[in-house]
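Engineer: 3D, please:
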Amino acid sequence: MPIRTTAVSAIAAAMLLAASAASAAELKVLTTGAMKAVVLALAPQFESQGHKVTVDNDTAGALVKRIEGGEAFDVAIITPGAIDALIAKGKVAAGTRTNIARVGVGVVVKEGAPRPDIGNVEAFKQALIAAKSVAYIDPESGGSSGIYIAGLLGKLGIADAIKPKAKLKRGGYVADLVASGEAELGLHQISEIVPVKGVILVGPLPAEIQNYTTYAGGVSATAKDMDAAKALIGLLAGPAGTSVLREKGMERPS
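Structural biologist: Numbering: from 1, shown residues only. Next comes the predicted model:
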């Protein structure tokens, strides 16, 4: 009897393992840089269920072009407008768009450097003018923060003053240019400042000129495992993701 029980247990364990393997999914996530840290922080919890997550990031504009060009993916995390456009083109499954987070733009300087006064719009303008160099995302790369900053400089009437000393970055962390000393001051989404070592977040832009970018998730119309992809977005948008968002400098959409 013990031998028979052991054999049955072994068979049951093997069947359970096979079922688990069959239900496991390997998901490819295409995300903007602002959301990358959040996805990576929550990925282990999702992978503890037997799944595997591969994360690739780019600017919002570049991701849209890659997806429109036919790149395979399972989950995309871009702006709501971009997700809606991809739904209209049949690249993202209808009904899967979920708003996950929003983030504002912040000012960053090197660790140990004086912190400029950015408490109001005029002080912010003077801080940019006084800086020897100002880094932000190249608007032509399609990054939402770079597009906004370029427009803001024009509205503030200082675009010509900043242009000669602008350090434009085509994706990645603007704060890396500040950490390396290539730029004295940087402007980027707060969630992309917080992870960088050797820099200090001075603070967000003044409320009157702050710009929030909202990020949404969507499931590929050709996802290998639609249920698993939806579950990952649910994790990002659910209670487990809220504390991670705060830690990474983001918040839930209002």
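
Engineer: C-alpha from now on. contacts and neighbour counts both.
Structural biologist: Will do.

Engineer: can you pull out the helices in the chain?
Structural biologist: 2-23, 33-47, 60-68, 80-88, 121-130, 144-155, 159-162, 175-179, 226-237, 239-247 (DSSP state H).

Engineer: which elements pack onto the fifth one?
Structural biologist: Contact partners of helix 121-130 among helices and strands, from 3 or more CA pairs under 8 Å, 6 or more residues apart in numbering; DSSP states H and E: helix 159-162.

Engineer: grab the most central residue of this structure for me.
Structural biologist: residue 35 (1.8 Å; CA atoms, centre = their mean).

Engineer: pLDDT at that residue, what is it?
Structural biologist: Note on residue 35: pLDDT of 91.

Engineer: again with residue 10
Structural biologist: With respect to pLDDT, residue 10 scores 44.

Engineer: returning to what we had before: the residue nearest to the centre of the chain contacts residue 60, doesn't it?
Structural biologist: No - using CA atoms under 8 Å, residue 35 makes no contact with residue 60, being 10.8 Å away.

Engineer: flag the shaky bits of the chain, pLDDT-wise.
Structural biologist: Where the chain drops to pLDDT under 70, the residues are 1-23.

Engineer: tell me the contacts of residue 234?
Structural biologist: Residue 234 makes contact with no residue, according to CA atoms under 8 Å, 6 or more residues apart in numbering.

Engineer: same thing with residue 147?
Structural biologist: 137-140.

Engineer: so how many other residues sit close to residue 239?
Structural biologist: 10 (other CA atoms under 10 Å).

Engineer: again with residue 221
Structural biologist: 18.

Engineer: was I right to think it contacts residue 90?
Structural biologist: Yes - using CA under 8 Å, residue 221 is in contact with residue 90, at 6.6 Å.

Engineer: nearest spatial neighbour of residue 241, skipping sequence neighbours?
Structural biologist: Spatial nearest neighbour of residue 241, chain neighbours left out: residue 235 (6.5 Å); criterion: CA to CA, 6 or more residues apart in numbering.

Engineer: tell me the domain ranges of this protein?
Structural biologist: 2-102+214-247, 105-209 (automatic domain parsing).

Engineer: among those, which is nearest residue 254?
Structural biologist: domain 2-102+214-247 (8.3 Å; CA to CA).

Engineer: centre of the chain to the closest one, how far?
Structural biologist: Its chain's C-alpha centre and that of domain 2-102+214-247 lie 14 Å apart, by CA atoms, centre = their mean, to the nearest Å.
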